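Colleague: Build me a model:
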Amino acid sequence: MQKVEKKGWPLAGNRQITDFLEKSVANGKISNTYIFLGPKDLGKTAAAVFFAESLLCQKQKPGEFSFPCGVCPSCRQMQNKGGTEEGGFETLHGDFHLIKKEKEKKNISIDQVREFIRILEMSSFLNSYKIGIIKEADDLSEQAANALLKTLEEPQAKVMVILIVSRLEKIPATIVSRSQVLRFLPVESSIIYDYLVEDLNCPRSSAKSISRLALGRPALATKFFEDKDFYQNYLEKTDAFLEFFRKDLNARFSLIEKLVGGKIEEEKTDKVLNILSIWQGLVRDFLLLSVNSGDLIQHEPLREKMENLKASLSGKRLLKLAWSLKRGKEYIRANVNPRLVLENIAINI
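Modeller: Alright, predicted model coming up:
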C-alpha cells in the first residue's frame, strides 16, 4: 500500500513534489520563485509553509534536507499561532510573510505587493532566508503582478517567493518563465482515506464517505472532518440542488436567496463558483447512477436521495444541466451578476 505521506510533511499524496523539494535543498538548487499549481484544497499552502519552515529552521545543514526541528527559535516562531494578521498580511516569523486577498476585495492590490516586496528586501532577522507566500496569486491585479515581476527579474540571494495558483493562465507568462512550476495533482481516495484514519484518527466509516466526497482534495477532506459547520454547510448546498427538482420556480428563487444572501457583492463570486462546482459533482453522480456505476459516485451520503430522483432525470436533461452549470461558471468569470446566473439555471433546470 502506498504511504499516505512522508513523515513530517503535512500533505497526503503528491510525493513527487516533496521528493523534488527535498532533493533541491540537498543539491543546493533552490529556486528564487516557485509556483505551486493545482486545484484548490490539495494542500498547496500547507506544503509551502512547511517548506518555508524547513528552510528557516536553524538546525538545517548545507547539503542536506531535514524536517523542522520544532525547538529552535525559528521553529518556535513559525509554530506560534498568535502571529499578526492585518490587511491581507500574515506574519508568523520575522523572515516569513504571507499575503492574500483582503475580504470584500476582488484582487490582491499593488499596495499589498509593494509592502510585501519592501519587507522581503529587508535584511534577514536570523541571517537566513526571507520567504514570502502569495495565496491565490491568480487574483493579483495587473498592477500588482507587474510590480512583482520587477522584483523577480532581479532576484536577491536567499529571498524566495512562492505563488499559490489554481489557474496558470491568470499568471503573466513573464512571471511563469521565471518560476519553478510544481504541479499538484488530485490524490487517490484510498490515500486520503489512509491519511484521515492514520493521521487524523478519523473513524473508518466517516473516512470512507469523506475521502470520496473530497474528490481527490486532501485539504478539503481535512476540513470536512475537523470543521462540522463547514461540512453541514456543504450538505446544505447539495440538498438545495436536490430540492430544485421538487420545487416550483418561486421556491427555487427562495433557495438561491438562502444560499447566497440578499445582496451579491464581489466576495460572493467565489461562493457562487463553489456552489456551481458542487452541483456539477452532483450531476456527474446522477449520470453515473443512470449507467449503474453507483460505486463511483462522489456523494455517497446522498445516495438514497439521489436514487429516489434518478427516474425523473433523463440523460438528455442531465447533460443539458451539466452544460448550463459549465456555462454559468464562464459567465461569472466574465463578471456577469452571480445571482442572475443562478436564477437562469433555476429557470432551466
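Colleague: what's the residue closest to the geometric middle of the protein?
Modeller: Centroid-nearest residue in the chain, with CA atoms, centre = their mean: Lys40, separated by 2.4 Å.
Colleague: Kindly tell me how buried the residue nearest to that one when sequence neighbours are not counted is, as a neighbour count.
Modeller: Distances taken as CB to CB, 6 or more residues apart in numbering place Ser166 nearest to Lys40, at 5.6 Å, with adjacent residues excluded. In short, each C-beta sits where N, CA and C put it, glycine included. Other residues lying near Ser166 total 18 when counted by other CB atoms under 10 Å.
Colleague: Then Leu120?
Modeller: Leu120 is flanked by 19 other residues according to other CB under 10 Å.
Colleague: Check the contact between it and Lys158; I expect there is one.
Modeller: No: using CB atoms under 8 Å as the test, Leu120 is too far from Lys158 to be in contact (10.3 Å).
Colleague: Quick check: neighbours shared by these two?
Modeller: Common contacts of Leu120 and Lys158 (CB atoms under 8 Å, 6 or more residues apart in numbering): Lys130.
Colleague: just to revisit the earlier point, sec struct for the residue nearest to the centre of the chain, please.
Modeller: In three-state terms, and counting by DSSP: H, G, I helix; E, B strand; the rest coil, Lys40 is coil.
Colleague: give the contact list for it.
Modeller: 166, 217, 219-220.
Colleague: Look up how far Glu90 lies from it.
Modeller: 18 Å (CB to CB, to the nearest Å).
Colleague: Repeat that for Asn344.
Modeller: Distance of Asn344 to Glu90, given as CB to CB: 38 Å.
Colleague: next one: Ile256
Modeller: Ile256 is 34 Å from Glu90, by CB to CB.
Colleague: Which one's more surrounded, those two?
Modeller: A count of neighbours by other CB under 10 Å puts Ile256 above the other of Ile256 and Glu90, at 20 against 16.
Colleague: I'd say the more buried one and Asn344 touch.
Modeller: No: taking contacts as CB under 8 Å, Ile256 lies outside contact range of Asn344: 10.6 Å.
Colleague: Give me the below-cutoff pLDDT ranges for this protein.
Modeller: For the chain, applying pLDDT under 70 flags the ranges 1-7, 81-89, 91-92, 261-267.
Colleague: if we go to 50?
Modeller: Within the chain, the segments meeting pLDDT under 50 span 1-6, 82, 264.
Colleague: At which residues are the strands of it located?
Modeller: For the chain, the strands defined by DSSP state E occupy 33-37, 84-86, 89-93, 96-99, 130-134, 159-165, 180-183.
Colleague: can you put those in a markdown table and add distance to Met306?
Modeller: Formatted as a markdown table, the strands of the chain follow (distance: least, CB to CB, whole Å):
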| stretch | distance to Met306 |
| --- | --- |
| strand 33-37 | 33 |
| strand 84-86 | 41 |
| strand 89-93 | 40 |
| strand 96-99 | 40 |
| strand 130-134 | 39 |
| strand 159-165 | 34 |
| strand 180-183 | 33 |
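Colleague: Nearest to Pro338, out of those strands?
Modeller: Of all those, strand 159-165 sits nearest to Pro338, with 22.7 Å by CB to CB.
Colleague: ok, residues contacting that closest one?
Modeller: Strand 159-165 has contacts (CB under 8 Å, 6+ apart) with 30-37, 44-45, 48, 51-52, 55, 120-121, 129-138, 148, 151-152, 171, 175, 179.
Colleague: what's the angle from it to strand 130-134?
Modeller: 10 degrees (axes from the mean of the first three to the mean of the last three CA atoms, to 10 degrees).
Colleague: send the alpha carbons of strand 159-165 over as CSV?
Modeller: Extracted in CSV, the C-alpha atoms of strand 159-165 (Å, rounded to 0.1, in the frame of the first residue of the first chain):
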residue,chain,number,x,y,z
VAL,A,159,15.0,35.5,-1.0
MET,A,160,12.2,33.1,-2.0
VAL,A,161,8.7,33.8,-3.3
ILE,A,162,6.1,31.0,-3.5
LEU,A,163,2.9,31.7,-5.5
ILE,A,164,-0.1,29.5,-4.8
VAL,A,165,-2.0,29.2,-8.0
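Colleague: Given that strand, what are its sheet partners and their directions?
Modeller: Using DSSP bridges, the strands paired with strand 159-165 are strand 33-37 (parallel), strand 130-134 (parallel).
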